[in-house]
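Colleague: Next one to model:
(one chain, ligands or ions: 3)
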Amino acid sequence: MTDDKGHSKDDVTGPGAEDVKRQAVGTEDEKWTVSRRKFLGLAGAAGVVGASGGALLGGLATPGTARAAKMPEDYVAPGQLDEYYGIWSGGHSAEIRLFGVPSMREFVRVPVFQDDFTIGWGITNESKRVFPKGPRPVGGDLHHPHMSMTNAQYDGRYIFANDKANTRVARIRVDVMRTDKIIHIPNAQDIHGLRVQRVPRTGYVFCNSECRVPHPNDGRDLNNPKKYSAVFTAIDGDTMKIAWQVLVDGNLDNTDADYSGKYAAATCYNSEDGVNLAQFIRNERDWTVIFNIPRIEKAVKDGHYFTIEDPNVPVVDGRHGSDLTMYVPTPKNPHGCNATPDGKYVIAGGKLSPTATVISWEKVDQYFAGKFKNPMDAVVAQPELGLGPLHTAYDGRGNAYTTLFIDSQVVKWNIEDAIRHYNGKKVDYIRQKLDVAYQPGHNHSSLGETRDANGKWLVSLNKFSKDRFLPVGPLHPDNDQLIDISGPKMRLVADAPVYSEPHDCLLIPAKILIPKIKRVWDRNDPFFAETVAMARRDGVNPVSDNKVIRDGRKVRVYMTAQAPVFGLDQFEVNKGDEVTVVVTNINNIQDLTHGWCLSDYGVNMEISPQETASVTFMADKAGVYWYYCTFFCHALHLEMRGRMLVKA
Ligand code: K7E
Ligand code: CUA
Ligand code: CA
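Modeller: Ligands and ions are numbered 1, 2, ... in the order given. Okay, the predicted model is just below:
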């Protein structure tokens, strides 16, 4: 037997070979494939709904695993450039990653919430200034990267992202692909959903607190969950200050903004005010909350707000009965929240209900204008899609693509046909179901969250890879699959193993970003401006001077880096000094990066062309310590080093 590429499974030898042969990708053993999909379906269902969700387990038999139609190398040959940038979430690695699409090659990783020794993130003074003041947690859990928009189009300024683990939001500059601001969100815990205001521009960054907490969270209400609550937060994307928060009933999971600038929506799976799984899944319906942005802004302006932990953060009351919000009943434990690129609807994935709920923004307008009372009337369709509907992407041609976690499928369906069906017409809105491997969470289509949705590519971000790759130990990679959606049928193009755990990704045309991205740093860049100002105060020109400045017990060491030498090949300090080393890469050549690593002091930093980077440490160990360059910059790169003497 051979697979699609002509490899024989019999080529595999050695320990475990039998398993590999049985589970080889592209196997023709349909029976095995079906049984393995069934097993995963059951495991996935059990994981989601627990014992009380047993009713969902019917109808799990699915056809065989879809075959790759055309390989990525057919689209992007060596040396060619990808047509799309993929901005990938790193999940609890807390970084974002840049991929090429359709090649699915990973290019670089951009540290956000975590420390990273490659570039010295969390080590350099410049990176530490990005974080909020105070103790810094070591990592984070980044789910949702989203790019700033102007008039519902990607504008290439910033990427914003949440940290579910430590209740923070970060902003990443696109021009240098560097995180430039991280803030902590008060009155909240576990920032999960995050989206940007599309119109007129970003503008606001909307984010959700998933876990309800007492307000204030000072230990008083440990056993009084009725007093817990969650907030919806709007951050000003330009200043990274919190503009306002809305107190809501229930919790908030995912969010999205509309295409007019008037509304944002968020799904809630805990209408029960529960604190454990059995309670979270008790109700048949939870809700989708719609936020009326102009009314909230007016309430804040008119002083109709209060404050909780932070006296500078206005909080308005948007709980039931408020005219700032609307609670649209939504079955059951809804998860994904995705506005359609035609600007008409927002769609919530039912997760524990086999349905998606289509809410019309026009009806939302009418509700807030007092034209009807029952929020349920804003629902214009509730198509039955399959088991475990989570997130939905769009092709700009009226079709929606929803991931089915339990069925391990992507279902393509037509929105207007689903609306006709809801109105009693006998039409079939399902267009196709494609098997994915396995258990998809998010999916994302090319430009599908903008008004330019072009229906070319879809990425299905699958949580399980199981047998799709060589075994690598008990921790398996995720499997992000590339699907061609340009034709009438979805076609699987590639499997891409990825390290845990991307939740979401963006696909952005290369032609939008290429002109925005710098190849070398600008000497006036604000990222290291504070360090350059310090040099000026010391009378040092960092691009030419190599100097040691002593200031009491503080020592500042300035040196240049130019392949293959550091401007100082030695310097001396005293034990107990606080030492700041400032290195400036004076090479002005694309791709010529240096590093400065100090042995046995836990220090490394990347210094790219025309960049200045600095680090401060206590010289608490006497002796000779070598520093050396960590980026292979020259034939004499290994010789690019020097010594620090710490005198006892
Ligand atoms: Cu569905 Cu955090 Cu967007 Cu994961 S969330 S999948
Ligand atoms: Cu500089 Cu290697
Ligand atoms: Ca619920």
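
Colleague: Tell me where the stretch 151-300 of the chain has helices.
Modeller: 277-280, 293-301 (DSSP state H, counting those that start in this stretch).

Colleague: how about CSV for these, with distance to residue 561 and mean neighbour count added?
Modeller: No exception for glycine: its C-beta is placed from N, CA and C like everyone else's. Output for those, formatted as CSV (distance: least, Cβ to Cβ, whole Å; neighbours: other Cβ atoms under 10 Å):
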stretch, distance to residue 561, mean neighbour count
helix 277-280, 54, 14
helix 293-301, 48, 17
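
Colleague: nearest to ligand 1, of those?
Modeller: The closest of the helices of the stretch 151-300 of the chain to ligand 1 is helix 277-280. By Cβ to the nearest ligand atom, the value is 15.5 Å.

Colleague: Apart from its neighbours in sequence, what residue is nearest residue 351?
Modeller: Nearest residue to residue 351 in three dimensions, chain neighbours excluded: residue 335, at 4.4 Å (Cβ to Cβ, 6 or more residues apart in numbering).

Colleague: Neighbours of residue 377, how many?
Modeller: Number of residues near residue 377 (other Cβ atoms under 10 Å) recorded here: 14.

Colleague: same thing with the one 5 residues further on?
Modeller: Applying the criterion other Cβ under 10 Å, we find 19 residues in the vicinity of residue 382.

Colleague: which ones are touching it?
Modeller: By Cβ atoms under 8 Å, 6 or more residues apart in numbering, residue 382 lies in contact with 331, 355-358, 422.

Colleague: If we use 7 Å, what do you get?
Modeller: Contact partners of residue 382, counting by Cβ atoms under 7 Å, 6 or more residues apart in numbering, are 355, 357-358, 422.

Colleague: burial measure for the residue of the stretch 351-500 of the chain found nearest ligand 2, as a count.
Modeller: In the stretch 351-500 of the chain, the residue found nearest to ligand 2 is residue 499; the distance is 26.7 Å by Cβ to the nearest ligand atom. Residue 499 sits with 15 neighbouring residues when counted by other Cβ under 10 Å.

Colleague: Residue 539: neighbour count?
Modeller: By the criterion of other Cβ under 10 Å, residue 539 has 9 neighbours.

Colleague: circling back: please report how far the residue of the stretch 351-500 of the chain closest to ligand 2 lies from residue 306.
Modeller: Residue 499 is 43 Å from residue 306, where distance means Cβ to Cβ, to the nearest Å.

Colleague: Kindly report the same for residue 422.
Modeller: Using Cβ to Cβ, residue 422 is found at 40 Å from residue 306.

Colleague: who in the chain is up against ligand 1?
Modeller: 143-144, 192, 254, 335, 390-391, 441-442, 503-504 (Cβ under 6 Å from any ligand atom).

Colleague: ok, now with 5 Å
Modeller: With Cβ under 5 Å from any ligand atom as the criterion, the chain meets ligand 1 at residues 143, 441-442, 503.

Colleague: ok, back up a step: so which of the contacts of residue 382 are in strands?
Modeller: Secondary structure from DSSP state E places 357-358 of the contacts of residue 382 in strands.

Colleague: buried set for stretch 520-530?
Modeller: Applying a neighbour-count criterion of 16 or more other Cβ atoms under 10 Å, the buried positions in stretch 520-530 are 520-521, 523, 525, 527-528.

Colleague: buried ones in stretch 334-352?
Modeller: Counting neighbours by 16+ other Cβ under 10 Å, stretch 334-352 gives 334-341, 344-352 as buried.

Colleague: Off-centre distance for that stretch?
Modeller: 18 Å (Cα atoms, centre = their mean, to the nearest Å).

Colleague: anything in that stretch near ligand 3?
Modeller: No - if you take Cβ under 5 Å from the ion as the test, stretch 334-352 misses ligand 3, and the best it gets is 7.7 Å.

Colleague: Name the nearest residue to residue 228, sequence neighbours excluded.
Modeller: Nearest non-adjacent residue to residue 228, counting by Cβ to Cβ, 6+ apart: residue 212, 3.7 Å away.
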